[in-house]
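K.L.:
model the structure of this input:
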Amino acid sequence: MEGNLRTDLKLYDEAPGSHHILKDVYGFFGTSLSNSVAVYVGVPNWKQDLQLLETYAIPTIVCDPFGDDSEWSMAVLEKRGKIMDWMNFLKDSGCGTYFVNPKWVEPVIEYPGVFNGSRDLGPDTVVRMSSWDSLVERAYALRKRPDQADAPEIKFAICKIELYQEEITILASLLASKHRPSLLYVRWSESPDESQLYCEAAGHLQSSGYRLISTNVNGFFVYHYSGEDIYSCCSWMEVSMTNPIMNLIKDEVQKIIKEKYGGESEVKPDNAETS
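P.N.:
Sure, this is the predicted structure:
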């Protein structure tokens, strides 16, 4: 089960704002890496994105709904079939040491959501909205493999969300879909410990099966999908004032006490009699 895999991280390099990445990408994903894809949302700093693109080296759809860096998007699209031009572009941009296959990167002016259509983001701002299903399928199509009747299941491996004040909406649509990317990079617009709105969003994310494994100085929170979805483990049909999650928390506490001290231990309520 993926939840038992090691998720050891390291800094990409010592440069300020460096991303935390897996120490052993192939050991983590195994053979599924050959069928893995990624979706990035937001392009405030495409040079930092190269760290992730190079590390995980899988087909990636980059959603840039507000056109934050149209120059970079055009460079990718224009130079996808001209590797030398692409490498010269990276060198001229001050990041020539990266090796990123431009054929596996597709920038799109689209907003991820639960269905294909359009989204009204304010006065005179309407953007195309694409479902997570379609984004994942289009990322896999970048591999340009012939159609196969027994084609392996596509693995949504990496998702990066960095779109100011839009991450809560985007995450809600992701959790409403069938997809659970293995690693999730989120840059919260406000600290979850200081904002009630972002506190609830981060709490919902972790209750939905994601485990926080890293926070970064540049504001990124890295989550790993462990599959331990609290919501699906609880019964929400019980007529009681007790939150169903409390029973799971009690079981976890008892397990920790037993492992640490041995023997049978029982967590008693506050009003229980003690001898």
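K.L.:
what's the domain layout of the chain?
P.N.:
Using automatic domain parsing, the domain parsing of the chain gives 2-230, 234-275.
K.L.:
weakest of those by average pLDDT?
P.N.:
With a mean of 72, domain 234-275 has the lowest mean pLDDT of the domains of the chain.
K.L.:
just to revisit the earlier point, most tightly packed of the domains of the chain?
P.N.:
domain 2-230 (a mean of 17; mean count of other C-beta atoms under 10 Å). (Glycine included, C-beta is placed from N, CA and C.)
K.L.:
quick one: that one to chain centroid distance?
P.N.:
6 Å (C-alpha atoms, centre = their mean, to the nearest Å).
K.L.:
let the chain start at 35 from now.
P.N.:
Understood, numbering begins at 35; the last thing we discussed is domain 36-264.
K.L.:
tell me the contacts of residue 51?
P.N.:
79, 82, 250-252 (C-beta atoms under 8 Å, 6 or more residues apart in numbering).
K.L.:
nearest to residue 279, of these?
P.N.:
residue 250 (28.6 Å; C-beta to C-beta).
K.L.:
residues in contact with the closest residue to the closest one other than its chain neighbours?
P.N.:
In this structure, residue 250 finds its nearest non-sequential neighbour in residue 54, 5.6 Å apart by C-beta to C-beta, 6 or more residues apart in numbering. Residues near residue 54 by C-beta under 8 Å, 6+ apart: 43-46, 248, 250, 254, 256.
K.L.:
shouldn't residue 55 be within a strand?
P.N.:
Yes - assessed with DSSP: H, G, I helix; E, B strand; the rest coil, residue 55 lies in a strand.
K.L.:
how near is the spatially closest residue to residue 202 that is not a sequence neighbour to residue 147?
P.N.:
Among residues not flanking residue 202 along the chain, residue 235 sits closest, at 4.6 Å (C-beta to C-beta, 6+ apart). The gap separating residue 235 from residue 147 is 17 Å, by C-beta to C-beta, to the nearest Å.
K.L.:
how close does the residue nearest to residue 250 sit to residue 73?
P.N.:
Taking C-beta to C-beta, one finds residue 54 at 19 Å from residue 73.
K.L.:
what of residue 49?
P.N.:
25 Å.
K.L.:
show me the strands in this structure, by range?
P.N.:
Here the chain has its strands, by DSSP state E, at 43-45, 54-56, 70-75, 94-97, 139-142, 144-147, 151-156, 159-165, 189-195, 217-221, 244-249, 254-259.
K.L.:
contacts only, for the closest residue to residue 66 other than its chain neighbours.
P.N.:
In this structure, residue 66 finds its nearest non-sequential neighbour in residue 189, 4.7 Å apart by C-beta to C-beta, 6+ apart. Neighbouring residues of residue 189 by C-beta under 8 Å, 6+ apart: 63, 66, 69-71, 216.
K.L.:
put together CSV for the residues you listed, with distance to residue 156 on each row.
P.N.:
What follows is these, written out as CSV (distance: C-beta to C-beta, whole Å):
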residue, distance to residue 156
63, 39
66, 39
69, 38
70, 35
71, 30
216, 33
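K.L.:
from the residues you listed, which is closest to residue 270?
P.N.:
residue 216 (27.0 Å).
K.L.:
so the closest one sits right up against residue 190, yeah?
P.N.:
Yes - the pair residue 216 / residue 190 is scored as a contact, 7.5 Å apart, by C-beta atoms under 8 Å.
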